[in-house]
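K.L.:
coordinates for the following, if possible.
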Amino acid sequence: MSYMRGNLLTKTRKLVKGLAKPAPKWLKAMEDAPPVTFPRTDGKIKKIELPEDVYVKKFFRKHPDSLYHDAVKISGFDPPPARLFAWRVLELKQDGVNEDDAMAVADMEYVAEKKVKKKAYKELKEIARSEGRRPPPNPYPSAIKEIQAEEKKYVRDRFHNPKVLEIVKKMKKDKQMFLQDRAASGQWR
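P.N.:
Next comes the predicted model:
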C-alpha cells in the first residue's frame, strides 16, 4: 500500500472500492469520525523573531566583546547582557522615550553595571589574595582568555602525550625525507 497516496482511511477506501480487499469492520466507524489531519507546511521553517532581536544585534555591533557570553546557559537563570539591554530599550520605548535615547540610556546602564562588577571583582581578588585563597572567577573575562582556558588542556597534552609525540616524530621524519627528495631531485636536473 506504500505506492498509494493518502492516509490509512483513503488507502483502505481505494482498496475496498477496487474490490482488492473486503471492507474491514472499523471502516464505517472511521468514516463517521475520521482522524484529525494536520495542515502540511510548505517545507520552509520560519525563523522565530522576537521583538528584542533588533536591539540584541545592535548591542553586539556596539559591544563585540560581549559575543562570547553564552546565550543558552543550561545551569544558569540569568539572561545574557544583550537580552537585558534589549529588554531595557523596549521598556523605555513603552514609557514614551524615543529609540535613540532609550538605547543611549540602556547602554549607559550596561557600561555602569559592567564597571561596578569589574570594580567589585577587583576588590574580591585583592581580599582573596590577602587571605591566601584563589580569586573567584572573573565575571567579564576576555573572549581570548576563555578560549585559551578551554584549549589549555590540549596545549599541555601535545608536549606530554606519547601518542602525540610519536605523531610529531613521524611528521618530522616525513618532512625531512621530503626535503631530501626535493634536494636530490634538484641535483639531477
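K.L.:
where along this structure do the helices fall?
P.N.:
Using DSSP state H, the helices of the chain run over 8-17, 27-32, 53-62, 81-94, 99-131, 143-160, 162-187.
K.L.:
helices and strands around the second one, which ones?
P.N.:
The helices and strands touching helix 27-32, judged by 3 or more C-beta pairs under 8 Å, 6 or more residues apart in numbering; DSSP states H and E, are helix 8-17. No exception for glycine: its C-beta is placed from N, CA and C like everyone else's.
K.L.:
the helix it packs on: how far from the chain's middle?
P.N.:
Relative to the centre of its chain, helix 8-17 is centred 47 Å away, using C-alpha atoms, centre = their mean, to the nearest Å.
K.L.:
export that helix as PDB, just CAs?
P.N.:
Taking Å, rounded to 0.1, in the frame of the first residue of the first chain, the C-alpha atoms of helix 8-17 are listed here in PDB:
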ATOM      1  CA  LEU A   8      -4.900   4.800   6.100                       C
ATOM      2  CA  LEU A   9      -8.600   5.700   5.600                       C
ATOM      3  CA  THR A  10      -8.200   6.800   1.900                       C
ATOM      4  CA  LYS A  11      -5.900   3.900   1.100                       C
ATOM      5  CA  THR A  12      -8.400   1.400   2.600                       C
ATOM      6  CA  ARG A  13     -11.300   3.100   0.800                       C
ATOM      7  CA  LYS A  14      -9.500   2.700  -2.600                       C
ATOM      8  CA  LEU A  15      -8.700  -1.000  -1.900                       C
ATOM      9  CA  VAL A  16     -12.400  -1.700  -0.900                       C
ATOM     10  CA  LYS A  17     -13.700   0.300  -3.900                       C
END
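K.L.:
contacting residues around it?
P.N.:
M1, M4, G6, K21, P22, A23, P24, L27, M30, E31, P34, P35 (C-beta atoms under 8 Å, 6 or more residues apart in numbering).
K.L.:
buried ones in it?
P.N.:
Neighbour-count burial for helix 8-17, counted by 16 or more other C-beta atoms under 10 Å, picks out K11, T12, L15.
K.L.:
put the alpha carbons of the helix or strand of the chain with the lowest mean pLDDT into CSV.
P.N.:
When the helices and strands of the chain are scored by mean pLDDT, DSSP states H and E, helix 143-160 comes last with a mean of 79. These are the backbone C-alpha positions of helix 143-160, laid out as CSV (Å, rounded to 0.1, in the frame of the first residue of the first chain):
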residue,chain,number,x,y,z
ALA,A,143,37.0,36.1,24.9
ILE,A,144,40.6,35.2,24.1
LYS,A,145,41.3,34.1,27.7
GLU,A,146,38.1,32.0,27.7
ILE,A,147,39.2,30.2,24.5
GLN,A,148,42.7,29.8,25.9
ALA,A,149,41.4,28.3,29.1
GLU,A,150,39.4,25.7,27.1
GLU,A,151,42.4,24.9,24.9
LYS,A,152,45.0,24.8,27.7
LYS,A,153,44.4,21.1,28.3
TYR,A,154,45.2,20.3,24.7
VAL,A,155,48.2,22.6,24.5
ARG,A,156,49.8,20.8,27.5
ASP,A,157,48.8,17.4,26.1
ARG,A,158,50.8,17.9,23.0
PHE,A,159,54.1,18.0,25.0
HIS,A,160,53.5,15.0,27.2
